[in-house]
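Peer 1: What would the 3D arrangement of this be:
(chains A, B, C and D)
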There are 2 protein chains.
Amino acid sequence: MALAIKIDEESFTPRQQAVLTAALDLLVENGDGLTMTAVARRASCSKETLYKWFGDRDGLLTATVQWQAAKVRMPQVNRTGLNLSSLRESVEQFARDLLSVLIGEISVTLNRTAVTHAAQEKDSLGTIVLENGPLTIRRRLKPILEAGRDARLLRFASSEEAYRTFFGLVVRDVQIRLLLGDKTLKQTNIEADAKQATDHFFALYGYSATQ
Amino acid sequence: MALAIKIDEESFTPRQQAVLTAALDLLVENGDGLTMTAVARRASCSKETLYKWFGDRDGLLTATVQWQAAKVRMPQVNRTGLNLSSLRESVEQFARDLLSVLIGEISVTLNRTAVTHAAQEKDSLGTIVLENGPLTIRRRLKPILEAGRDARLLRFASSEEAYRTFFGLVVRDVQIRLLLGDKTLKQTNIEADAKQATDHFFALYGYSATQ
DNA sequence: GCCGAACCGTACGGTACGGTACGGCTATCG
DNA sequence: CGATAGCCGTACCGTACCGTACGGTTCGGC
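Peer 2: Next up, the predicted model:
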């Protein structure tokens, strides 16, 4: 399962990106509304062109998810002058970014699309979403956590396990409720939630924690 | 959104339950394989009967999800003799039950079905799954938590917030990864994970915690 | 033993959509 | 200026599936 995904953002011409934008819009508006005819009409192109460029419907779907997921870039975090407060600020920034992305319509749409796709013996979209979402955040957060451990600011057995707890503390039941269309979810206060998650994380993995 | 769902398990005759079982099997085998023809063939009944009993395809889907979701019943937890260790055991039991259910194929299938459904401006299935999954657990756990608080074994501002943190600590990224079809997820050790989640929960909300 | 109700199996209509073919328009290049 | 290539718009085909109709069968009640 090498799955050599290779999309360097410039793989698509502007015209093609316009098509992908149209496809994404249709996905957001109505998850199952991504019909080839609808995309062609929305993008003012012919279906023949769609098939020439993307092969088939699945290719268009994959290109759309891949292209959009890759655009979700977390801001890099400052690592200079590592001390407790700067580390804390970095972690809290990650929590904020994670929550902001997950709550967004685009994230909900992409995750729903990938889940639907995964319900049909296909997991390519799920892999893409996981790779560009949680795993990207994990890759970025991991060195921060390990730097914190090396500086005796954090203690944990494996950074993998620490990251997953962090994920749970931040996301809680927000994502699944959004994916399921729950509208009773109060407009979460990202700032406050990120702060609390960070507090909890340091309470569990801070050096003073008994663990 | 009153949504007066009322299915008292006896609402369906044995024959109808056989049909629902066939429908669920098809859903598990292949998420989008639930066609009326396939269900009719699998259950050895006629399509006409399906339409007579369930109205339309959505009715069949709803009945299947509703009927199956209602069957996921957590065992009641012993509340006699509340002390720290019994409270801890109750909480850990909830963690185990929650993980066991979420990891199961049926839960994954029902959640995927509901997410797919929610991607089409419909949220009825999502509501059913939420109601019978997380919300049921929350309803059962809440009195335990509050009893623990009254006994000075726990401290938290709102049981809602405590429950959501508990959910995050237990579920972490397991559910979303399963929904997305991630196969790299190591066979999680439910016992160990539930214990760690419980440890973390008490570290954050136990009475001795500085909070 | 007859009747009606329920149900099975199947055949059929309607429709939506994936994928293809083709005529026509524009533009870039020689 | 002519030609070739790329693309648009649209018509078209095949298929899959929803929903309905209908003949045949079983079974309980009278």
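Peer 1: pLDDT at A:Glu131, what is it?
Peer 2: We have a pLDDT of 92 for A:Glu131.
Peer 1: for A:Asp8, same thing?
Peer 2: For A:Asp8, pLDDT reads 49.
Peer 1: go on, A:Ala95?
Peer 2: Note for A:Ala95: predicted pLDDT of 95.
Peer 1: Also the one 5 residues further on?
Peer 2: What the model reports as pLDDT for A:Ser100 is 93.
Peer 1: That one against A:Ile190, yeah?
Peer 2: Yes. Counting by CB atoms under 8 Å, A:Ser100 touches A:Ile190, with 6.0 Å between them. C-beta: built from backbone N, CA, C; applies to glycine.
Peer 1: Give the residues shared as contacts by these two.
Peer 2: When contacts are counted by CB atoms under 8 Å, 6 or more residues apart in numbering or on different chains, A:Ser100 and A:Ile190 have no shared neighbour.
Peer 1: What residues of the lengthiest helix in chain A count as buried?
Peer 2: Counting by DSSP state H, the longest helix found in chain A is helix A:84-103. Residues of helix A:84-103 classed as buried by neighbour count (16 or more other CB atoms under 10 Å in any protein chain shown): A:86-88, A:90-99, A:101-103.
Peer 1: likewise stretch A:147-165?
Peer 2: The neighbour-count check on stretch A:147-165 (16+ other CB under 10 Å) flags A:148-149, A:153-154, A:156, A:159, A:162-165 as buried.
Peer 1: Dead centre of chain A: give me the residue that sits there.
Peer 2: Here the mean C-alpha position of chain A is nearest to the C-alpha of A:Gly133 (CA atoms, centre = their mean), at a distance of 2.6 Å.
Peer 1: distance of that residue from B:Arg57?
Peer 2: 32 Å (CB to CB, to the nearest Å).
Peer 1: A:Ala38 now?
Peer 2: 22 Å.
Peer 1: and stretch A:64-75, how far out from the chain's middle?
Peer 2: Centroid displacement of stretch A:64-75 relative to its chain, using CA atoms, centre = their mean, to the nearest Å, is 8 Å.
Peer 1: which of the residues in it are buried?
Peer 2: The neighbour-count check on stretch A:64-75 (16+ other CB under 10 Å) flags A:64-70, A:72, A:74 as buried.
Peer 1: Can it be said to contact chain B?
Peer 2: No. Using CB under 8 Å from any CB of the partner chain, stretch A:64-75 stays clear of chain B, coming no nearer than 11.4 Å.
Peer 1: Give me the contacts around that stretch.
Peer 2: Residues from elsewhere that reach stretch A:64-75 (CB under 8 Å, 6+ apart): A:5, A:7, A:9, A:12, A:17, A:20, A:23-24, A:27, A:34, A:93-94, A:97, A:101, A:106-107, A:110, A:113-114, A:125, A:128-129, A:131-133, A:136-137, A:140.
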